[in-house]
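Participant: I need the structure of the sequence given here:
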Amino acid sequence: PAAMLASARSIHASSAPAQRAERPAARRARCSAAANADRRSALLAGAALLAAAPRPAAAYVNGAGEDYVVCGDFLKGYELPPRAISKQSADYSNRTFVRWLVGRIDKYMPDAKLEDAMRLSLMDVGTGAADGSIRLELDRPYATGLESIVAQYEECKKKLDADLTIPMGYGDLYALGGKVIANREWRKQFAGIEPHFDQKNTFTGLGNGPFGGDIDDPDFVAAFTKLYAVASLTSTGSPVLLGRKDATEACSEADAARIPLGSDDAEEYKKWFQSLGIKFLAIVPLAKYVDTDGACVAAIRANDQLNGFWERNEKDSAFPGLEEKRQMSAYTDSMASRAGQTGKLDNTKYGVAAFVKNLGWSAIPPIKDVDINALNPMTAGKFEGELYCHVPGPDGI
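Facilitator: Predicted coordinates for the structure are as follows:
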C-alpha cells in the first residue's frame, strides 16, 4: 500500500504543469477525483496483500515435533491453505477427548475408592492450584493415606499415554478422575450393588424393573442420569475442563499451610475455600472428603450457620441424586477455581492441528491411530470409510 501511494504522488506531480492551465474549479474537481481513485486503488491493493499473507499458526502441536497432521490421502505436492482453526473446532475436539478419556479412566481404575479420589483432588487444589503437585507431597500430613490412589493414577496415566501423542497431565487426570470415580461409585449404589440406599430407593425399587447386573447398560445409565444429571459423564453433566499446567515440584510450605488440617473452627475452613475462590458453602457437601478423622465435619456440625446445611444434606442423602448433586457441583466448582499454576485453562493443550480431507483445518484429539471419521461426527457425510491421520513427510503431504 505504501508503494502504491508513492506511485500515486509521482503521477500527480508529473501532471502539475497541465493542471495549472485549467480553471481552478475544474482543476480542484479533477484532482479530488484522481486522488480518491488513487487512494481507493492503494487500499484495495493493501487488502489483497493482507488477505494473501499467511496467517499466524495456531498454538497446537502433536507432540511429535511437527505442528500439524493431515487426515486422508492427498496428491503429492498438494498445497494447504492458510491455517485457520475455529474456537468451535477446538472446543469440540476437547469434548471428544474427554468422552474418550472418561471411558478409559473408568476401565483402568476399577478399584479406586471414591473417598480417596475426592480427597486427593481437594488436597491438590487446596494448596492453591489443581496442578498435580499433590503427587510430590505425600510426606506431608494432609496427604497421609493417599499413596495408593496416587499409584493407581500413575498406572492409569501410563496406559493413557501409550495411546496418546500428548502425555496426559496429572492435574487434569486427578480433576477428571475424581468425577469419573464418583460417577461409577454412585451407579453401584443406585443399582444396589453397594449398600447405601433402602431397597425402595434403588433402581429396581423406583419402578425401573429388575437390575440386569450391568451398571454400563444404556437403560440403567439413562435411569441413573435422570437422578444424577450433574454427575453425568456426557456434555450434559457439570463439566471438568482440561488444560491445566502441571507442577514439577511440591508446593511451598506457605501454600501447604492454607489447609486447616485438624482444625475445630468452621471459620477456618470457610476462609480456606474463599481463599481458593470457591463459595464457602461448598465446604459442606465436601466436608467428609477433606480428612480421615472427621475434624472438618465436626467443625461444621458445631457451627450454627453451616450445621443447617449439613442436616439438610443428611436428610436428602436417603434419596438418590440429591446429596450427590451438591457434592458434584461443589467438586467441579473447586476444580475450576484454581485450574493450574497459571490459574487458567489452556484449551489448546490437547489439540492437534489437522488438515482433514473434505473438511479443512480442524483440531483433533491427540489419540494415536484412531479413525477420525468414527470419532468425530463433524466429518460425517464428508468422507466415506475410515479416516486416519499422519505427520507430513519431508516431501510434503
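Participant: What ranges does the stretch 51-200 of the chain have for its strands?
Facilitator: Counting by DSSP state E, counting those that start in this stretch, the stretch 51-200 of the chain has strands at residues 69-71.
Participant: pLDDT below threshold where in this protein?
Facilitator: In the predicted model, the chain carries pLDDT under 70 at residues 1-66, 338-343, 377-383, 393-397.
Participant: For the stretch 101-250 of the chain, which segments count as helices?
Facilitator: In the stretch 101-250 of the chain, helices defined by DSSP state H, counting those that start in this stretch lie at 114-126, 147-162, 170-191, 218-227, listed in chain order.
Participant: residue contacts, residue 330?
Facilitator: Contacts of residue 330 were listed using CB atoms under 8 Å, 6 or more residues apart in numbering, and they are 278, 282, 283, 284, 285, 286. Just so you know, the C-beta spots here come from the backbone N, C-alpha and C atoms, and that holds for glycine as well.
Participant: What does the closest residue to it other than its chain neighbours show for phi and psi?
Facilitator: Spatial nearest neighbour of residue 330, excluding adjacent residues (CB to CB, 6 or more residues apart in numbering): residue 282 at 3.7 Å. Geometry field for residue 282 lists phi and psi as phi -60, psi -20, criterion degrees, to the nearest 10.
Participant: Verify the stated contact: residue 282 with residue 273.
Facilitator: Yes: distance between residue 282 and residue 273: 6.0 Å, which falls inside the contact criterion (CB atoms under 8 Å).
Participant: Now the common contact residues for these two.
Facilitator: residue 334.
Participant: Residue 121 and residue 152, how far apart?
Facilitator: For residue 121, the distance to residue 152 equals 13 Å [CB to CB, to the nearest Å].
Participant: These two - which one has more neighbours?
Facilitator: A count of neighbours by other CB atoms under 10 Å puts residue 121 above the other of residue 121 and residue 152, at 28 against 21.
Participant: Do I have it right that that one meets residue 337?
Facilitator: No: with contacts defined as CB under 8 Å, residue 121 does not count as touching residue 337, sitting 11.7 Å away.
Participant: So residue 361 is in contact with residue 90, correct?
Facilitator: No: here residue 361 lies out of contact with residue 90, judged by CB under 8 Å, at a distance of 10.9 Å.
Participant: residue boundaries of the strands in the stretch 251-397 of the chain?
Facilitator: 352-356, 360-364, 389-390.
Participant: State the distance from residue 187 to residue 243.
Facilitator: Computed as CB to CB, the residue 187 to residue 243 distance reads 27 Å.
Participant: on that earlier part again, could you dump the helices of the stretch 101-250 of the chain to CSV with distance to residue 333?
Facilitator: CSV is the format used below for these (distance: least, CB to CB, whole Å):
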stretch, distance to residue 333
helix 114-126, 10
helix 147-162, 21
helix 170-191, 12
helix 218-227, 20
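Participant: what's the closest of these to residue 95?
Facilitator: For these, proximity to residue 95 was assessed by CB to CB; helix 170-191 is nearest, at 12.4 Å.
Participant: between the closest one and helix 147-162, how many degrees?
Facilitator: With axes from the mean of the first three to the mean of the last three CA atoms, to 10 degrees as the criterion, the two stretches helix 170-191 and helix 147-162 enclose an angle of 110 degrees.
Participant: what's the offset of helix 170-191 from the middle of its chain?
Facilitator: Here helix 170-191 is found 16 Å from its chain centre; the criterion is CA atoms, centre = their mean, to the nearest Å.
Participant: what angle sits between that helix and helix 218-227?
Facilitator: Computed by the same axes, to 10 degrees, the angle separating helix 170-191 from helix 218-227 equals 100 degrees.
Participant: quick one: helix 170-191 to helix 114-126, angle?
Facilitator: Going by the same axes, to 10 degrees, helix 170-191 is angled at 150 degrees with respect to helix 114-126.
Participant: now for helix 170-191, which elements pack on it?
Facilitator: Packing contacts for helix 170-191, counted by 3 or more CB pairs under 8 Å, 6 or more residues apart in numbering; DSSP states H and E, involve helix 87-108, helix 114-126, helix 147-162, helix 218-227, helix 322-337.
Participant: Residue 367 is in contact with residue 101, isn't it?
Facilitator: No: if you go by CB under 8 Å, residue 367 and residue 101 don't touch, sitting 9.6 Å apart.
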